[in-house]
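Student: Build me a model from this:
(one chain, ligands or ions: 1)
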Amino acid sequence: QTGTVAANPEQYDQAYICPVTIGSQTLHLDFDTGSSDLWVFSNLMPSSEVDGQTEFNTNSAGATKKDGYTWSISYGDGSGASGVVYADTVNVGGATATSQAVEAATSVSSEFTSDTGSDGLLGLAFSSINQVKPTPQTTFFDTVKSSLEAELFTADLQSNGPGSYTFGYIDSSKYTGSITYTAVDNSQGFWGFTAGGYTVGGGGSNSTGTIGSAIADTGTSLMYLPTAAVQSYYSQVSGSSYSSSQGGYIFPCSASLPSLTVSIGGHGFVVPGSNFNYSPTGSGNTCFGGLQENTGIGFTIFGDVFLRAVYAIFDETQGSPRIGFAAQ
Ligand SMILES: O=C([C@@H]1CCCNC1)N1CCCCC1
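Tutor: From the prediction side, this is the model:
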């Protein structure tokens, strides 16, 4: 089988929301290659924590409670959720898991309550970091992958308009040129890979550094690189500065933004300058940068700002996982 589902950006491309059928309900979930739990708003939650989201009905005929199973997850951005576990049928654009662990929230943090466009998350990292106790559950991809035409999924994220995720096949209309594959280190449960040198701007203003180990995270809005690369980038942006009040680099919204070329698997991938204007700060006609420092996170994260510039293939067809990128 295969699946194809639209990936709809929230405001400022903050996250990408996809329709998922669970039993007879359709919920709109944030697909996240940086975590491994499929969790949903549910009827078990206090109404004070729900602001218009669709609630998974744990009393529906097809939902089977997994007695004694609980979950609790904390994300790097400080948000979190917790609850209990059911099994139900989950259909993502035609790819169907007949008995998928659906983690029904009993409580969510304020960040999720106020994210009114999302009814929960669908984790696409590795099942080794699933947070269900006493027994970790498989991700949707792990549950269905043996039934897929090919054991892979792809992400085509667009700015301000629908992109798509596919399960089981590569859509050759989504990219140009060839796909460059590189090995994945999943020892920490993420789609980890090694990135090489970077160049700011097309004018050969070459950097000397390399980026090193990184993760591909569709659930992270921005791109977080080592300080040297980030300072090198913003040194080419007139009027840019680090704002402690805004929590990152900002610049005049009228600034000209250079591209950033990153070498992965020996191929240079160009992120256009426009990708680095993330959103207005709300003051002084300044804008918040889509490229920020990775200090304090513990990871270099290739989030949506980077992923919008490529077609990404999350591939387990070779036995060992690999990730592929192609220009789009
Ligand atoms: O919790 C997260 C992110 C938060 C946003 C959604 N994706 C997961 N981390 C980033 C990857 C390393 C561990 C922390």
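Student: Low-confidence ranges, the stretch 201-328 of the chain, go.
Tutor: Scanning the stretch 201-328 of the chain with the threshold set as pLDDT under 70 gives 204-208.
Student: rerun that using 90 as the cut-off
Tutor: 202-209 (pLDDT under 90).
Student: near the ligand, which residues of it show up?
Tutor: 215, 217, 219, 220, 299, 301 (C-beta under 6 Å from any ligand atom). Placement of C-beta: from N, CA and C, glycine included.
Student: Return the member of these nearest to the ligand.
Tutor: When these are compared for distance to the ligand (C-beta to the nearest ligand atom), residue 219 wins out at 2.9 Å.
Student: quick one: the nearest residue to that closest one once chain neighbours are set aside from residue 121, how far?
Tutor: Leaving aside its chain neighbours, residue 219 sits nearest to residue 32 (3.1 Å; criterion: C-beta to C-beta, 6 or more residues apart in numbering). Residue 32 sits 5 Å away from residue 121, going by C-beta to C-beta, to the nearest Å.
Student: Spit out the residues that contact the two alike.
Tutor: residue 219 (C-beta atoms under 8 Å, 6 or more residues apart in numbering).
Student: In contact with residue 218, which residues are there?
Tutor: Per C-beta under 8 Å, 6+ apart, neighbours of residue 218: 16, 31, 32, 33, 34, 124, 155, 157, 303, 304, 307.
Student: Go ahead and confirm residue 315 touches residue 216.
Tutor: No. Residue 315 is beyond contact range of residue 216, at 11.6 Å (criterion: C-beta atoms under 8 Å).
Student: and those two? which has more neighbours close in?
Tutor: For the pair residue 315 and residue 216, the greater number of neighbours falls to residue 216 (26 against 21), based on other C-beta atoms under 10 Å.
Student: what's the spacing between the more buried one and residue 267?
Tutor: Relative to residue 267, and taking C-beta to C-beta, residue 216 is found at 15 Å.
Student: Give me the phi and psi for the residue in the chain sticking out farthest from the centre.
Tutor: Distance from the C-alpha centroid of the chain, by C-alpha atoms, centre = their mean, peaks at residue 61 (31.5 Å). Residue 61 adopts backbone torsions of phi -60, psi -40, taken as degrees, to the nearest 10.
Student: and if you look at the one 5 residues further on?
Tutor: Backbone torsions for residue 66, taken as degrees, to the nearest 10, come to phi -100, psi 90.
Student: From the chain's centre, how far out is stretch 68-77? Work that out for me.
Tutor: 17 Å (C-alpha atoms, centre = their mean, to the nearest Å).
Student: With stretch 28-42 instead?
Tutor: Centre-to-centre, stretch 28-42 and its host chain are 10 Å apart (C-alpha atoms, centre = their mean).
Student: in that stretch, what counts as buried?
Tutor: Buried residues in stretch 28-42, defined by neighbour count with 16 or more other C-beta atoms under 10 Å: 29-42.
Student: which one of these sits closest to the ligand?
Tutor: residue 34 (3.0 Å).
Student: correct me, but the closest one touches residue 214?
Tutor: No. The criterion here is C-beta under 8 Å, and residue 34 misses it with residue 214 at 11.6 Å.
Student: residues shared between the contacts of the two?
Tutor: residue 301.
Student: Now the residue most central in space within the chain: which helix or strand?
Tutor: In the chain, the residue lying closest to the centroid (C-alpha atoms, centre = their mean) is residue 218, at 1.5 Å. Using DSSP states H and E, residue 218 sits in no helix or strand.
Student: Excluding sequence neighbours, find me the nearest residue to it.
Tutor: residue 33 (4.5 Å).
Student: Over to residue 273?
Tutor: residue 257 is the one closest to residue 273 (C-beta to C-beta, 6+ apart), at 3.3 Å.
Student: how close does the one you found sit to the ligand?
Tutor: Applying C-beta to the nearest ligand atom, to the nearest Å, one obtains 24 Å for the distance of residue 257 from the ligand.
Student: so is that residue in a helix, a strand, or just coil?
Tutor: coil (DSSP: H, G, I helix; E, B strand; the rest coil).
Student: Any part of stretch 96-110 near the ligand?
Tutor: No. Using C-beta under 6 Å from any ligand atom, we find that stretch 96-110 stays clear of the ligand, coming within 12.1 Å at best.
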